[in-house]
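In: Prediction below, plus the sequence it came from.
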Amino acid sequence: MSTVPELLLESFARNGRVNAALLDTLSAADLALEDAPEGNSVGELLVHMAGFRQGWLVNISPLHAEGLTKVEDDADLDTLRAAFASGDAAALKAVQDALQEGQVFEDPWKEGAYQSNPAHFLQHTIVHDSHHRGQIATLLRQSNWTKERLEKLEEATWPVWRA
């Protein structure tokens with residue numbers, strides 16, 4: 001348990017590039033799109049995704065959460081970009097440090113989170129982001145995004161995974 005597997009590092013980096021590409025295809029107005037009055041908006045989903053990193057790090061590796069700023073519900077695209085970048089860097093550093101030290105993460109809830117290998121936090125982040133990107137794509141389709149905009153989003157994101 002000394003290093004993060006190369007394939008996982010590459011996948012985590014690709015996940016970050018897909019998130020960045022998604023943000024680059026959105027407009028400020030798109031952040032307000034939602035599926036129902038009680039549902040989440042595109043902006044709220046992105047805030048949740050970006051905040052996921054800090055939320056977990058505060059509990060499993062507090063040192064690595066230091067300096068991460070809580071992403072507010074009304075965050076703009078630039079703030080979201082910065083939050084994803086700093087959150088990804090902190091998550092990766094936390095995992096690398098834990099592995100280098102031969103340690104597992106703290107487990108304040110005693111639920112066994114990431115106890116078999118700290119790198120599972122990176123996998124969890126990829127899966128979590130993918131789930132919510134799917135929700136966002138659905139919202140964009142339901143919000144009458146044009147076929148051209150939807151194709152632009154696909155062209156910006158899918159090739160990252162296929163390379």
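Out: That came in fine, so what should we check first?
In: shaky segments in the chain?
Out: Where the chain drops to pLDDT under 70, the residues are 1.
In: That one: strands as residue ranges?
Out: Taking DSSP state E as the test, none of the chain falls into strands.
In: Which parts of it are helices?
Out: Using DSSP state H, the helices found in the chain span residues 6-25, 42-60, 62-65, 77-101, 120-142, 147-162.
In: Quick one, which of those helices gets closest to Glu111.
Out: helix 42-60 (10.6 Å; C-beta to C-beta). Placement of C-beta: from N, CA and C, glycine included.
In: angle of the closest one against helix 120-142?
Out: Per axes from the mean of the first three to the mean of the last three C-alpha atoms, to 10 degrees, the angle that helix 42-60 makes with helix 120-142 is 170 degrees.
In: residues touching Met47, list them.
Out: If you look again at residue 47, you'll see it is Val, not Met. 71-73, 75, 80 (C-beta atoms under 8 Å, 6 or more residues apart in numbering).
In: Next, count neighbours for the spatially closest residue to Ala32 that is not a sequence neighbour.
Out: Setting aside the residues directly before and after it, Ala32 is nearest to Ser41 in space (C-beta to C-beta, 6 or more residues apart in numbering), at 5.6 Å. When neighbours are defined as other C-beta atoms under 10 Å, Ser41 has 17 of them.
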